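Visitor: Starting from these lines, generate the structure:
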Amino acid sequence: MKIAMVCHPTHGGSGVIASELGMRLAKRGHEVHFVSHERPFRLDPLTFGVRFHKVHVSSYPLFRYPPYALALANQLSQVIQDHDIQVIHAHYAIPHSLAGILARNMNADRNVKVMTTLHGTDITLIGTDPSYTDITRWAMQESDYVTGVSDWLAEVTRKELGGDLFVNTIPNAVDAEVFSRDQACSELRERFASQGELLISHVSNFRPVKRTKDVLKTFALAAQDIPARLLMIGDGPELISAQAEARELGIQDRVEWLGIIDETAPLLAGTDLFLLPSESESFGLAALEAMASGLPVIATDSGGIPEVVVDGETGFLSPVGDIESLARGTRELLVNSEKRNQFSEQARQRVMDLFRWAPVIERYEQAYEGLFSGGS
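Guide: Numbers count the residues shown, from 1 in each chain. Now for the predicted structure:
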């Protein structure tokens, strides 16, 4: 099948999943065309069967803001015509599904279908903004098929945009060979931890919703008398205030700020616990990658996280903002190596049972085929 994949090219979860999905579809014989304003960072341009088409947005004095959605729709239309595209798979509702629908309608004689995959903030943030609610709802109604990455997100979509919307859950997946304890690098661990020290990790875009200060507060309370260090991986608007928080808590010498790292697998595999105290996560891809790496996850019970992390089995879940509860779970796993190892094995096994790429790709393939057979 010939598929146009539309996604954000940045380090967020939607771009990662779209890139991994597209490359794996290509390896299964599909022809996949990525369309975006930049090449997605996780996309290997040398993957056989994958092509990238850059969207060029012209800037005219007439437009106060560059009309990216229109330029994207125009580029998609050209790709449809040049490569006989059958399916436009839009990751993220606005502007991607909207541009896909425009491109489909511009080529009405070609029977192109639009599938939209919702990833979270496209509904919980943009979709609930009155400036975009109606057009988001229309884009969902006009899509030929809609999926969401968690049952929680599917329910929120129906609640916010209309109960008659059908959203089929297809969860995110992870490469369990890349994210694995086997990727652990002793040199990396020796760089960040002295002998006998434990390592806790956190990966995010350092936005307010990630509550990065809660990571620091949890670590400070849980490990105040335990030899441990914290690796903060990522960058974003909360970085400076988070670093100030670390100084205020007196833990600045125990925290490493590593910035954005494209390949986090070796780092995760070399740590012992993962912290994710987010305000909201529609799925929690970072938690999934950590679990695949054999890390117990200390997280909040918000959004779709409980569909990934099982409380008392693969980690511990706490209410949002409950530092004492987060710290209690963290400390228990720091001091109890037997339980930490048990949770590690169970976390890895849950990934192998439910979140491997092969069955997820098959579900997407069935959905693509259903677009033309009348099934789902």
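Visitor: Please count neighbours and contacts with C-alpha atoms only from this point.
Guide: Noted.
Visitor: which SSE is H53 in?
Guide: Taking DSSP states H and E as the criterion, H53 maps to strand 50-54.
Visitor: what angle separates the very next helix or strand once past that strand from strand 50-54?
Guide: Following strand 50-54 in sequence order, the next helix or strand is helix 68-83 (DSSP H and E). Helix 68-83 runs at 140 degrees relative to strand 50-54, counting by axes from the mean of the first three to the mean of the last three C-alpha atoms, to 10 degrees.
Visitor: Now do the buried residues in helix 68-83.
Guide: For helix 68-83, burial by neighbour count (16 or more other C-alpha atoms under 10 Å) applies to 68-80.
Visitor: same question, stretch 81-101
Guide: 85-101.
Visitor: Which ones among these map onto helices?
Guide: For those, the ones inside helices are L98, A99, G100, I101, with DSSP state H as the criterion.
Visitor: Just confirm the second one contacts L72, I think it does.
Guide: Just to be clear, that refers to A99. Yes - the pair A99 and L72 passes the contact test of C-alpha atoms under 8 Å, sitting 6.1 Å apart.
Visitor: okay, now the domains of the chain?
Guide: According to automatic domain parsing, the chain comprises the domains 2-173+356-373, 181-354.
Visitor: Let me see the mean pLDDT of the strand holding H53.
Guide: Mean pLDDT, strand 50-54: 96.
Visitor: partner strands of that strand, parallel or antiparallel?
Guide: Strand 50-54 has these partner strands in its sheet, going by DSSP bridges: strand 31-36 (parallel).
Visitor: Now do stretch 238-249: everything it contacts.
Guide: Here stretch 238-249 makes contact (C-alpha atoms under 8 Å, 6 or more residues apart in numbering) with F206, R207, P208, T212, K213, L216, K217, A220, Q252, V255.
Visitor: of all the residues you listed, which comes closest to A299?
Guide: T212 (12.0 Å; C-alpha to C-alpha).
Visitor: The closest one - how many residues pack around it?
Guide: T212: 27 surrounding residues under other C-alpha atoms under 10 Å.
Visitor: likewise E245?
Guide: Other residues close to E245 by other C-alpha under 10 Å number 18.
Visitor: Mind checking what secondary structure it has?
Guide: With DSSP: H, G, I helix; E, B strand; the rest coil as the basis, E245 sits in helix.
Visitor: who touches L43 in this structure?
Guide: Contacts of L43 by C-alpha under 8 Å, 6+ apart are S19, E20, M23.
Visitor: of the residues you listed, closest to T128?
Guide: Closest to T128, out of all of the contacts of L43 and judged by C-alpha to C-alpha, is S19, at 26.7 Å.
Visitor: Checking that closest one next. Helix, strand or coil?
Guide: helix.
Visitor: same check, this time on S201
Guide: strand.
Visitor: for V146, same thing?
Guide: strand.
Visitor: and it, what are its bridge partners?
Guide: Counting by DSSP bridges, the residues bridging with V146 are T116.
Visitor: Arrange the contacts of L43 in JSON lines, one row each, with pLDDT, distance to D311 and neighbour count as further columns.
Guide: Below are these laid out as JSON lines (pLDDT from 0 to 100; distance: C-alpha to C-alpha, whole Å; neighbours: other C-alpha atoms under 10 Å):
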{"residue": "S19", "pLDDT": "94", "distance to D311": "30", "neighbour count": "24"}
{"residue": "E20", "pLDDT": "95", "distance to D311": "28", "neighbour count": "18"}
{"residue": "M23", "pLDDT": "96", "distance to D311": "33", "neighbour count": "25"}
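Visitor: Identify, from the residues you listed, the entry nearest to L188.
Guide: E20 (25.8 Å).
Visitor: wait, that closest one sits on D44?
Guide: No - using C-alpha under 8 Å, E20 is not in contact with D44; the gap is 9.3 Å.
Visitor: And for the closest residue to G12 other than its chain neighbours, the neighbour number?
Guide: Excluding the flanking residues, the one nearest G12 by C-alpha to C-alpha, 6 or more residues apart in numbering is N205, at 7.6 Å. Other residues near N205 number 19, with proximity taken as other C-alpha under 10 Å.
Visitor: List the residues that contact N205.
Guide: Contacts of N205 (C-alpha under 8 Å, 6+ apart): G12, G234, D235, G236.
Visitor: Pull the number of nearby residues for the second one.
Guide: This means G234. When neighbours are counted by other C-alpha under 10 Å, G234 registers 19.
Visitor: can you start the count at 786 instead of 1 from here on
Guide: Sounds good: first residue 786 from here, last item G1019.
Visitor: My understanding was that it contacts G1044; is that so?
Guide: Yes - contact criterion C-alpha under 8 Å: G1019 and G1044 qualify, at 4.5 Å.
Visitor: mind listing the strands for the stretch 936-1085 of the chain?
Guide: 953-954, 983-989, 1013-1019, 1040-1044, 1058-1061, 1082-1085 (DSSP state E, counting those that start in this stretch).
Visitor: Output those strands as JSON lines; include the columns distance to A1132 and mean pLDDT.
Guide: Formatted as JSON lines, the strands of the stretch 936-1085 of the chain follow (distance: least, C-alpha to C-alpha, whole Å; pLDDT from 0 to 100):
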{"stretch": "strand 953-954", "distance to A1132": "21", "mean pLDDT": "96"}
{"stretch": "strand 983-989", "distance to A1132": "16", "mean pLDDT": "97"}
{"stretch": "strand 1013-1019", "distance to A1132": "20", "mean pLDDT": "97"}
{"stretch": "strand 1040-1044", "distance to A1132": "25", "mean pLDDT": "97"}
{"stretch": "strand 1058-1061", "distance to A1132": "11", "mean pLDDT": "98"}
{"stretch": "strand 1082-1085", "distance to A1132": "8", "mean pLDDT": "99"}
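Visitor: Can you tell me which of those is packed in deepest?
Guide: strand 1082-1085 (a mean of 29; mean count of other C-alpha atoms under 10 Å).
Visitor: Does the helix or strand following it pack against any helices or strands, and if so which?
Guide: Downstream of strand 1082-1085, the next assigned helix or strand under DSSP H and E is strand 1100-1103. For strand 1100-1103, the packing partners by 3 or more C-alpha pairs under 8 Å, 6 or more residues apart in numbering; DSSP states H and E come out as strand 1082-1085, helix 1108-1120.
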